[in-house]
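Participant: Can you look at this prediction? I've put the sequence above it.
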Amino acid sequence: MSRVTNPFRLLARKLKRRMSNYSPAAFPDTVSCGAFYDARNSLFSGDDMMILEYSGSEAQCQLFERAISLLAPIGKIIDLGCGFGHLASYLDEKSIPYKSYHGIDVSKQMVTKAGNRFKGRTSVSFEVRDILTNPFAKESFDTGYVLSVLGYPIGENPIRTMMEIIEKMFSSCRVGIVFSHVASDRKGGLSFTTVPEDLALRCERELGAKTELDDDGTDFTYLVSLRH
Ligand SMILES: C[S@@+](CC[C@H](N)C(=O)[O-])C[C@H]1O[C@@H](n2cnc3c(N)ncnc32)[C@H](O)[C@@H]1O
């Protein structure tokens, strides 16, 4: 029996592979960033890691582990740029206790899918929300996480935008927050990077935070915890 290959199927696969490598140079605002992740949801439907731009679930779990070592989840958790809520799944899998988990994201598709995955769980909730235009009241939560979210430059002054997101998250958490960012001079092709010590110092100076850095000097991702 001879089998006929549809050439357009191969073309679609090729295009998908190309699209997976596409990284916008910058976003004018957070709404466009949400639209980019909405588009990835449609294109890579069914492949979470591809949508989220992780190399694999192992890399994602390692990042969660590092974040939790810096700041254990206490009480009410807020997860900005929550994606599919994988952080909540990770905590559940590891039996790490928390009172409640609230995930916010600028991508509607992420929030819809995350909500469907946790249907019936009253302590886990999701919301489409931009903290820049719609911040939470002071100390609404206990601990906050911003993981693999701040890698794209947003707005005319990307460092300022990033600092505003960090500041608003820090103010909304009673204990503190952890965020990850991309270190300068570690990997080619990354357009928005920072020097770990410089950013930690800036958080100390501008936000009055007590900081701790997780940076091995090699990995392009580093983490900072900010405590009150
Ligand atoms: C690479 S994914 C990471 C998702 C999740 N934190 C994880 O580690 O699995 C980045 C997510 O952050 C969201 N995002 C980017 N900028 C944001 C912002 N300013 N506010 C809320 N969500 C944002 C994107 O829509 C996307 O879902």
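Facilitator: Structure's in. What do you need? Because the structure is predicted, anything quoted here is derived from the model rather than measured.

Participant: CA atoms for contacts and neighbours, from now on please.
Facilitator: Fine.

Participant: confidence score at the closest residue to residue 137 other than its chain neighbours?
Facilitator: Once flanking residues are discounted, residue 137 sits nearest to residue 172: 6.0 Å by C-alpha to C-alpha, 6 or more residues apart in numbering. The score at residue 172 is 98. That number is its pLDDT.

Participant: residues touching residue 172, list them.
Facilitator: 136-142 (C-alpha atoms under 8 Å, 6 or more residues apart in numbering).

Participant: Now do residue 2, the pLDDT please.
Facilitator: pLDDT, read off for residue 2, is 61.

Participant: let's number from 28 now, not from 1
Facilitator: OK, 28 is where the count begins now, so the last one is residue 29.

Participant: all strands for the protein, in order.
Facilitator: Taking DSSP state E, the strands of the chain run over residues 103-107, 127-132, 151-155, 168-173, 200-209, 237-241, 248-254.

Participant: any idea of the mean pLDDT in the first one?
Facilitator: Right, the one you point to is strand 103-107. Per-region confidence: strand 103-107 scores 98 on mean pLDDT.

Participant: What of the second one?
Facilitator: Strand 127-132 shows a mean pLDDT of 98 in the predicted model.

Participant: Direction included, what does it pair against?
Facilitator: strand 103-107 (parallel), strand 151-155 (parallel) (DSSP bridges).

Participant: Turn these into JSON lines, including distance to residue 73.
Facilitator: Output for the strands paired with strand 127-132, formatted as JSON lines (distance: least, C-alpha to C-alpha, whole Å):
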{"stretch": "strand 103-107", "distance to residue 73": "22"}
{"stretch": "strand 151-155", "distance to residue 73": "20"}
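
Participant: Near the ligand, which residues of this structure? Just list them.
Facilitator: Applying C-alpha under 6 Å from any ligand atom, we find that the chain lies next to the ligand at 57, 60-61, 64, 79-80, 107-110, 113, 131-134, 137, 157, 174-176.

Participant: can you do 5 Å?
Facilitator: Residues of the chain lying close to the ligand (C-alpha under 5 Å from any ligand atom) are 61, 79, 108-110, 132-134, 174-176.

Participant: among the residues you listed, who's most crowded?
Facilitator: Most neighbours among the residues of the chain next to the ligand, by other C-alpha atoms under 10 Å: residue 110, with 28 neighbours.

Participant: any idea of the pLDDT on it?
Facilitator: Confidence score, pLDDT, at residue 110: 98.

Participant: ok, the nearest residue to it once chain neighbours are set aside - contacts?
Facilitator: Nearest residue to residue 110, sequence neighbours excluded (C-alpha to C-alpha, 6+ apart): residue 137, at 5.2 Å. For residue 137, the contact set (C-alpha under 8 Å, 6+ apart) comprises 64-65, 68, 110-111.

Participant: ok, of those residues, which one's closest to residue 195?
Facilitator: Of all these, residue 195 sits closest to residue 110, with 19.1 Å by C-alpha to C-alpha.

Participant: Wait, that closest one touches residue 142, no?
Facilitator: No: using C-alpha atoms under 8 Å, residue 110 is not in contact with residue 142; the gap is 10.5 Å.

Participant: among the strands of the chain, which is nearest residue 50?
Facilitator: Among those, if distance is taken as C-alpha to C-alpha, the winner is strand 200-209, at 14.6 Å.
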